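Chemist: Quick one, fold the following:
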Amino acid sequence: MPKKKKSTRKILLTLLFVALNVAVIAITAFSEFGNSENAVKFSEVKFNFWFLIPAIIAFCVALFLEVRKFLMIMKKTCNFKTRAELRKAHKDARRAVLIGRYYDNITPAAIGGQPFQIYYMNKNTNVGGGLATTIPIISMISGQLGFLVIAVLCFSLGSIAINNTPLIAAACFGLLFYAFWPIAVLIATFLPKTTTEIITLGVRFLAKIHVIKSKHEAIKKAEHGVNEYARCVKLILKTRGLFLKTILMSVAFHVLISSIPFFVLNAFGANIDFIPCFVSVVAVTSAVYFIPTPGNAGAAEGTFYVVFSALSSGYVFWAMLIWRFFSYYAYILLGGITYLLMHFDKSVTHYKKSK
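Modeler: Numbers count the residues shown, from 1 in each chain. Below is the predicted model:
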């Protein structure tokens, strides 16, 4: 009976989780594309499919680089000895990246990606200790630093490429949020005592409001976690050329992703140069970064109108629909497929054990 109750509870929680995900995606889709009165009928749209081919290639190569970056960090820090371990590492890197992107797009302000990656790495991989926590965070930090590199270069061309002072101001403000985590990681790595003191204050506060039962045990666990994390980050930073390579791969990732709107616009016949379009995309991406909604819903479609206004109003809907597929819905789809594969693997493993 207890096992049956536990199984029923697990099924109900899974169904609730799926329902919440569907609700988030549905709300996002409706907020972006629910008002399509001004859109030209699809049958009347003049559309050059060939321009979408480089967009598809850019998206696929960008994802490939992201997985390779994650795998590279794993291979450099973990002692994989057999081919079987390496094959599993490839699968784990791919799934961790897709899970991270999935949760980044269904949680407010993209806060869910790294926690779920860390959970996956701890529960489903052979990566132990602080590395299971450190690898996803280093991957995220290098991604943010890669975007910062591109943004700084683009904003130096801002006055040439775009003439929108409020957009540039919002973009600069958004970059402060991009810079927060890299700075926090540096503090946690090189000033572990300061980090521990901050965490201790937080633990004492939570103990006072009876959220934490054992204050001393929680503080001791936090101190161990910070020290282990700092050790792992230093190991990665000391590995020759590793962190620089991750940043360069992140720069390539963001260049490819930020190029997709240019190809989409050309597919619909827009007359626009690459540099102004690319700079505008980077500026808008920065400007909506701090919007606390899943997938930046409610802000991305409005702000990105700066980019897609190069088209006639009737075509904007269809162009933005395709762009949002690459920037949002594709990650949801791939994340969903990843979860199905993970569930299938668990079912097969359970079946083999039961025989």
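Chemist: which sections of the stretch 1-150 of the chain are below the confidence cut-off?
Modeler: Applying pLDDT under 70 to the stretch 1-150 of the chain flags residues 1-45, 108-112, 128-129.
Chemist: Under a three-state scheme, what state does residue 270 occupy?
Modeler: Classification of residue 270 using DSSP: H, G, I helix; E, B strand; the rest coil returns coil.
Chemist: Roughly how far does it sit from residue 321?
Modeler: Separation of residue 270 from residue 321 (C-beta to C-beta, to the nearest Å) stands at 15 Å. Every C-beta, even on glycine, is put in place using the N, C-alpha and C of the backbone.
Chemist: next one: residue 50
Modeler: The gap separating residue 50 from residue 321 is 19 Å, by C-beta to C-beta.
Chemist: same question, residue 247
Modeler: Distance of residue 247 to residue 321, given as C-beta to C-beta: 33 Å.
Chemist: How about residue 145?
Modeler: Distance, residue 145 to residue 321, using C-beta to C-beta: 31 Å.
Chemist: now swap in residue 121 and tell me
Modeler: From residue 121 to residue 321 the distance is 34 Å (C-beta to C-beta).
Chemist: More neighbours: which of those two?
Modeler: Counting neighbours by other C-beta atoms under 10 Å for residue 121 and for residue 321 shows that residue 121 has the greater number, 25 against 18.
Chemist: Might you report the residue contacts of the residue lying closest to the more buried one once chain neighbours are set aside?
Modeler: Spatial nearest neighbour of residue 121, excluding adjacent residues (C-beta to C-beta, 6 or more residues apart in numbering): residue 132 at 3.9 Å. Contacts for residue 132 were tallied using C-beta atoms under 8 Å, 6 or more residues apart in numbering; they are 118, 121, 122, 125.
Chemist: which SS class is the first one?
Modeler: Here residue 118 is helix, with the state taken from three-state DSSP.
Chemist: wait, it sits on residue 136?
Modeler: Yes - using C-beta atoms under 8 Å, residue 118 is in contact with residue 136, at 5.3 Å.
Chemist: which one of these two has more residues nearby?
Modeler: residue 136 (25 against 18).
Chemist: From what I see, that one and residue 114 are in contact.
Modeler: Yes - with contacts counted by C-beta under 8 Å, residue 136 reaches residue 114, the gap being 5.0 Å.
Chemist: what sits in contact with each of these two?
Modeler: Common contact partners of residue 136 and residue 114 (C-beta under 8 Å, 6+ apart): residue 100.
Chemist: thinking again about what came up before, rebuild the contacts of residue 132 as a markdown table, extending it with distance to residue 74.
Modeler: Formatted as a markdown table, the contacts of residue 132 follow (distance: C-beta to C-beta, whole Å):
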| residue | distance to residue 74 |
| --- | --- |
| 118 | 14 |
| 121 | 9 |
| 122 | 14 |
| 125 | 8 |
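Chemist: Okay, residue 82 and residue 270: tell me how far apart.
Modeler: Distance from residue 82 to residue 270, by C-beta to C-beta: 52 Å.
Chemist: Neighbour count: these two, which is higher?
Modeler: Set residue 82 next to residue 270 and count neighbours by other C-beta under 10 Å: residue 270 wins out with 20 against 8.
Chemist: For the more buried one, grab phi and psi.
Modeler: The phi/psi pair for residue 270 (degrees, to the nearest 10) reads phi -70, psi 150.
Chemist: Disregarding flanking residues, what is the spatial nearest neighbour of residue 135?
Modeler: Using C-beta to C-beta, 6+ apart and skipping residues adjacent in sequence, the residue nearest residue 135 is residue 73, 5.2 Å away.
Chemist: No more questions from me, cheers.
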